[in-house]
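Asker: Sequence and predicted model, in that order:
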Amino acid sequence: MTLKTRRQMRIVEIVKNELVATQEDLAERLRREGINVTQATVSRDIKELQLVKVPTGDGRYRYAVPDDRQPGAHSERLLRILRECVTGYDHSENMVVIHTLAATAPSVAEAVDSINAEEVIGTLAGERTVFIVVRPKEAVPRFLDRLARLLS
C-alpha cells in the first residue's frame, strides 16, 4: 500500500470521527500522528477524497465524507482501496472472507458496503479480515464474480 493511500485512509477515519474545520486542522492532526504533510498535500487529498463541508449546527462547518451510497461517489478511491489492500478471499456456504493488509479491513469493508450488492446482508471487519454474509447462499458465486471484476 502506498503512503498516499495510507494517508488518505487515515484522513477519512479522522474526518468521520473528529470535528475537523480547516485544512490546517487536518494537517496538524496528521502531523501529531507522525504523518508529515503540507497544507497543499492535504488540499489535494481533500479534493481526491471528495470531502465536503457540512454545518455543525452552531454556525460553523466541518469536513465530512459524502454518502458513499450515492451512485459514483468515491468509486475511484474505493476501487484503489480494494485493489491495493485485498490479499485474497475465500468462501464457505453463505460466508465470504476477504483477507487484507494489516489495519485495512475496515476500509475494505466500507468499500464492499458501498457497492450496494443486494445479496450482501452485512460486513464485519477485524484488523486483517472482512467477513461478509450473503443471502441466499446461491448468490455467493455472483458476489464473487463481482468482487473479482472489481479487483482486476
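Answerer: Good, I have the coordinates. Numbering: from 1, shown residues only.

Asker: Extract the C-alpha set from whatever helix or strand Ala40 lives in and format it as PDB.
Answerer: Element membership for Ala40 (DSSP states H and E) is helix 39-49. Coordinates of the C-alpha atoms in helix 39-49 are reproduced here as PDB (Å, rounded to 0.1, in the frame of the first residue of the first chain):
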ATOM      1  CA  GLN A  39      -1.300  22.100   3.600                       C
ATOM      2  CA  ALA A  40      -1.100  21.700  -0.200                       C
ATOM      3  CA  THR A  41      -0.900  17.900   0.100                       C
ATOM      4  CA  VAL A  42      -3.900  17.900   2.400                       C
ATOM      5  CA  SER A  43      -5.800  20.200   0.000                       C
ATOM      6  CA  ARG A  44      -5.100  17.700  -2.900                       C
ATOM      7  CA  ASP A  45      -6.200  14.800  -0.700                       C
ATOM      8  CA  ILE A  46      -9.400  16.500   0.300                       C
ATOM      9  CA  LYS A  47     -10.200  17.100  -3.400                       C
ATOM     10  CA  GLU A  48      -9.400  13.500  -4.400                       C
ATOM     11  CA  LEU A  49     -11.400  12.100  -1.500                       C
END
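
Asker: Centre of the chain to it, how far?
Answerer: Relative to its parent chain, helix 39-49 has a centroid offset of 16 Å by CA atoms, centre = their mean, to the nearest Å.

Asker: Any regions of this protein where pLDDT drops low?
Answerer: Along the chain, segments meeting pLDDT under 70 span 67-75.

Asker: Kindly recompute the last result at 90.
Answerer: Low-confidence segments of the chain (pLDDT under 90): 1-6, 16, 39, 47-61, 64-81, 102-104, 106-107, 110-111, 113-118, 152.

Asker: Would you map the strands across it?
Answerer: In the chain, the strands defined using DSSP state E lie at 52-55, 61-64, 86-92, 95-100, 120-125, 129-134.

Asker: Who are the packing partners of the lengthiest helix in the chain?
Answerer: In the chain, with assignment by DSSP state H, the single longest helix is helix 3-17. Secondary-structure packing of helix 3-17 (3 or more CB pairs under 8 Å, 6 or more residues apart in numbering; DSSP states H and E): helix 23-32, helix 39-49, strand 61-64, helix 75-85, helix 105-114. No exception for glycine: its C-beta is placed from N, CA and C like everyone else's.

Asker: Alright, I will stop here.
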